[in-house]
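A.B. asks: Quick one, what's the 3D model for this:
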Amino acid sequence: MTDSKYFTTTKKGEIFELKAELNSDKKEKKKEAVKKVIASMTVGKDVSALFPDVVNCMQTDNLELKKLVYLYLMNYAKSQPDMAIMAVNTFVKDCEDPNPLIRALAVRTMGCIRVDKITEYLCEPLRKCLKDEDPYVRKTAAVCVAKLHDINAQLVEDQGFLDTLKDLISDSNPMVVANAVAALSEIAESHPSSNLLDLNPQSINKLLTALNECTEWGQIFILDCLANYMPKDDREAQSICERVTPRLSHANSAVVLSAVKVLMKFMEMLSKDLDYYGTLLKKLAPPLVTLLSAEPELQYVALRNINLIVQKRPEILKHEMKVFFVKYNDPIYVKLEKLDIMIRLASQANIAQVLAELKEYATEVDVDFVRKAVRAIGRCAIKVEQSAERCVSTLLDLIQTKVNYVVQEAIVVIKDIFRKYPNKYESVIATLCENLDSLDEPEARAAMIWIVGEYAERIDNADELLESFLEGFHDESTQVQLQLLTAIVKLFLKKPTETQELVQQVLSLATQDSDNPDLRDRGYIYWRLLSTDPVAAKEVVLAEKPLISEETDLIEPTLLDELICYIGTLASVYHKPPSAFVEGSRGVVHKNLPPRTGSSESAESPDAAPSGVQAPEPPAVIPTQGDLLGDLLNLDLGPPVSGPAMAASSVQMGAVDLLGGGLDSLVGRGSMGGGGGSFAPAPSAAAPASLGAPMGSGLGDLFDLTGGVGALSGSYVAPKTVWLPAMKAKGLEISGTFSRQVGSISMDLVLTNKALQVMSDFAIQFNRNSFGLAPAAPLQVHAPLAPNQSVEISLPLNTVGSVMKMDPLNNLQVAVKNNIDVFYFSTLYPLHILFVEDGKMERQMFLATWKDIPNENEAQFQIKDCSLSADAVSSKLQGSNIFTIAKRNVEGQDMLYQSLKLTNGIWVLAELRIQPSNPSFTLSLKCRAPEVAPYVFQAYETVLKN
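C.D. replies: Residues are numbered from 1 along each chain as shown. Here you go, the predicted model:
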């Protein structure tokens, strides 16, 4: 006998046995066999060989068996498309079965079989099921249309299924409505351009009626659809809000968040004066608080959403601070999120509670949590000025604990407190210096070095302290090296005699021995500054720092508005728009909140631009130590930002680096006439992108040329004054003034050559300033300027330059270059050149805004010795774009109500009281950025008295 016996077997195998059972006459045996097949399929065995036998079992009345066969079909139809066609007849037959469950089962399975060959056979059965008398079948068929659209969109459109779906929105059964909405939303998402969900007040009414009777998932579909609707006015928005509010008490957290999303969106359209607005705010708090009693994972999602809501409307939860206090058994991710929200809600009213909690947290065992708690104490100090004193003493107590990571975090936040409140808490520096040796983290070391450099004149042994860091200079991280370089240069400028060796040592370490380009560049800039012009170096390095603003991690307002539209989705957990994490074209529709009621300008609304984002405020960014602009160069080296209308060549000419006092390439080579070819543009260590962000709120039309007012506005132009005397500029005298005509601002200059040599190659550049003023074109001096000759130039300006708050606010620092040298001067521009032509506010809007701006933002001034009548005042001010909105006579005195708007979108409202016999006028100004008021008053005085 041969060895083949080992390879033959009498056992036919499992598949063979199953085949036999599937073809058995006994129903029970058949059912058992199909169950075994499904079990094998579930654990991953390949049972596709049984396809024809299983399909034969479809012809049965038994619902359970049918379901199992359909399950098998869905799984294997893709790998066996030719066999799957055998099942089509049964589907068609099942779609007409008297039992609605079987009809629905057939249509559901048809939608799940993603085989092109089969789809066309499914259209007829699907059409019948969409019009079926049983709602269960109709709701199943509605979802099937979305699935079919995914496989073959063209087919669905040709067959008219989309119109049928739209009709189902008016169906009598709420579940059918919900599924139709879900299917249409799904299709609309993959085809953003198609206007499938064409909602109108009638269809919205039907959706709201269905909302009360749907299952919870149905309610979510309908609420999400409502959130994409734009009500025509505030009354419609209010009525929708009233009907959605009951959903806030639903047990399912997804329904609650979807309802919150709709309400947050439509609240934009409600006026804050409405009683209903206040009621709605009160109703939103309890459901959000309830979400925090769920399990930790749900709490986290709720907290991430609440974080967005609190940034948009802090008033909703301002009385609910206690629920965000951390529990001992909260997971770390919940603790950190709660901390974040606590700081956002911190205010003068609750700061004592918050600080007591934070101090407690700082003694916990979880290192990450403790660090965040210490940081939080610092953020509270910066946010609530009244608490700064207590925060600093709390931080000092924590430093006394000598716990390493606590000390390091405390030093990092104290540095920020110094930046916020200069000359207030410097007495603690001695305590900080005691802990120098224990610092081992780069951020803490950098913060400490910054403190030593910034306050070198108060620290006797500052040079020794900084020298101790120099010993291991090359082992330090970049941020520490950069900070150390700057600190030693500051020290040298403050105590030049004692620290000459030290500064030379650090400059050579930074420039010759380092391979980090940032460090080398900073080293060379300092070296050149110190060697060519120590006075300029002092002005640059020891310039006054802008105060930092309280909220440094607020989400940028336009992104926040978009994320509010995605509450309850992944975008609200990631705090990123869907386009940032959804691949492909789907889901990249940018959503936005509706415009605020009655508001002609989004910047006017207190919510659209939180007070931290008013433009003259310093940008809401604490520059990190590694940021080259952190505390080094206040002058923006980039080319002046050009307005949209600039020709390309002029951009190049603007790109002249005026600050390279010692840069050989700059002076004496190549004339500027040729488009600045020989000038290397300055390395753009220009402002980080975020610095421009706060401007976004009001830069509607950059040039404001068509300011919406037909009249030519010629505002008052002051006579020219000498800005740069010839003595200080090697014979070049510059006098000038500012003017605004028809929406364009210009700087009118007279350049006079009082030297004995010819002057040429003129260029001009501005430092960053409060309103982003920048040259809109190069300085055009067409012929060389001979001795004793003058030339008049009108330099067009725009307001799209980099922004940095100056002191005083209207200070402008200018650099002018010619073939002899670079000269610096500063001048004050009158604020009325920034009053734009569309500054006339609607009356209703004026009233609402006046009430809305808090009273502490109101400032009163006296304009003395002015004997004009009310009408003369009104027309004179209108010439400078200060518009009278209303005039009243109260007890014999004229009251003028006026508005004006600055180029960065800040509105200023004014009330001017004029008594006929009294030459003194009383001016009351209200504005969301109160620091501009004194300068607006100066503008009033200037215009009225000239």
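
A.B. asks: list the contacts for Ser920?
C.D. replies: Gln862, Ile863, Lys864, Asp865, Cys866 (C-beta atoms under 8 Å, 6 or more residues apart in numbering). Every C-beta, even on glycine, is put in place using the N, C-alpha and C of the backbone.

A.B. asks: Show me which of these are buried.
C.D. replies: Ile863, Cys866 (16 or more other C-beta atoms under 10 Å).

A.B. asks: In strands only, show me the contacts of Ser920.
C.D. replies: If you go by DSSP state E, the contacts of Ser920 have Gln862, Ile863 in strands.

A.B. asks: which of the contacts of Ser920 lies closest to Asp46?
C.D. replies: For these, the residue nearest Asp46 by C-beta to C-beta is Ile863; the value is 91.6 Å.

A.B. asks: name the element Ser746 belongs to?
C.D. replies: Per DSSP states H and E: Ser746 is located in strand 744-753.

A.B. asks: Give the pairing partners of that strand; include direction for each.
C.D. replies: In the sheet containing strand 744-753, its partner strands are strand 732-741 (antiparallel), strand 790-798 (antiparallel), by DSSP bridges.

A.B. asks: Same list, those, but as a markdown table with mean pLDDT, mean neighbour count and distance to Ser531 please.
C.D. replies: Written out in a markdown table, the entries for the strands paired with strand 744-753 read as follows (pLDDT from 0 to 100; neighbours: other C-beta atoms under 10 Å; distance: least, C-beta to C-beta, whole Å):
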| stretch | mean pLDDT | mean neighbour count | distance to Ser531 |
| --- | --- | --- | --- |
| strand 732-741 | 92 | 20 | 24 |
| strand 790-798 | 92 | 17 | 32 |
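
A.B. asks: what does the average pLDDT come to for stretch 419-433?
C.D. replies: Mean pLDDT, computed over stretch 419-433, is 81.

A.B. asks: Show the end-to-end separation of that stretch, please.
C.D. replies: End-to-end distance for stretch 419-433: 18 Å, by C-alpha to C-alpha, to the nearest Å.

A.B. asks: Show the low-confidence segments of the stretch 701-850 of the chain, by residue range.
C.D. replies: 701-714 (pLDDT under 70).

A.B. asks: same thing but at 50, please
C.D. replies: 701-713 (pLDDT under 50).

A.B. asks: ok, back up a step: and of the strands paired with strand 744-753, who's closest to Leu292?
C.D. replies: Per C-beta to C-beta, nearest to Leu292 of these: strand 790-798, 48.9 Å.

A.B. asks: Just want the most central residue of this structure.
C.D. replies: Central residue of the chain (C-alpha atoms, centre = their mean): Glu556, 1.6 Å from the mean position.

A.B. asks: sorry, back to before: now render the strands paired with strand 744-753 as a markdown table, adding distance to Asp53.
C.D. replies: Conversion of the strands paired with strand 744-753 to a markdown table gives the following (distance: least, C-beta to C-beta, whole Å):
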| stretch | distance to Asp53 |
| --- | --- |
| strand 732-741 | 88 |
| strand 790-798 | 79 |
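
A.B. asks: Quick one: closest of those to Leu831.
C.D. replies: Across the strands paired with strand 744-753, closest to Leu831 is strand 732-741 (C-beta to C-beta), at 10.0 Å.

A.B. asks: I would like the residues contacting the closest one, please.
C.D. replies: Residues outside strand 732-741 that contact it (C-beta under 8 Å, 6+ apart): 712-715, 717-726, 745-755, 759, 816, 818, 820, 823, 825, 827, 829-830, 832-835, 880-881.

A.B. asks: Mind exporting the C-alpha coordinates of it to PDB?
C.D. replies: Extracted in PDB, the C-alpha atoms of strand 732-741 (Å, rounded to 0.1, in the frame of the first residue of the first chain):
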ATOM      1  CA  LEU A 732      18.800 117.200   7.000                       C
ATOM      2  CA  GLU A 733      15.700 119.100   8.300                       C
ATOM      3  CA  ILE A 734      12.300 117.400   8.200                       C
ATOM      4  CA  SER A 735       9.100 119.200   9.000                       C
ATOM      5  CA  GLY A 736       5.700 117.900   8.400                       C
ATOM      6  CA  THR A 737       2.000 117.300   9.300                       C
ATOM      7  CA  PHE A 738      -0.700 114.600   8.800                       C
ATOM      8  CA  SER A 739      -3.800 115.000   6.700                       C
ATOM      9  CA  ARG A 740      -6.900 112.900   5.700                       C
ATOM     10  CA  GLN A 741      -8.700 113.500   2.500                       C
END
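
A.B. asks: follow-up on the earlier one: His319 is nearest to which of the strands paired with strand 744-753?
C.D. replies: For His319, the closest of the strands paired with strand 744-753 is strand 790-798, at 45.5 Å, according to C-beta to C-beta.

A.B. asks: Mind pulling up the pLDDT for the nearest residue to Val289 once chain neighbours are set aside?
C.D. replies: Computed as C-beta to C-beta, 6 or more residues apart in numbering, the closest residue to Val289 that is not its neighbour in sequence is Val323, at 5.1 Å. Per-residue pLDDT puts Val323 at 88.

A.B. asks: Same check on Glu120?
C.D. replies: Value for Glu120, per-residue pLDDT: 77.

A.B. asks: Same question for Met653.
C.D. replies: 35.

A.B. asks: Ser924 too?
C.D. replies: pLDDT at Ser924 comes out at 92.

A.B. asks: Take the contacts of Ser920 and lay them out in CSV including distance to Trp907 and pLDDT.
C.D. replies: Formatted as CSV, the contacts of Ser920 follow (distance: C-beta to C-beta, whole Å; pLDDT from 0 to 100):
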residue, distance to Trp907, pLDDT
Gln862, 23, 88
Ile863, 21, 88
Lys864, 26, 87
Asp865, 29, 84
Cys866, 24, 84
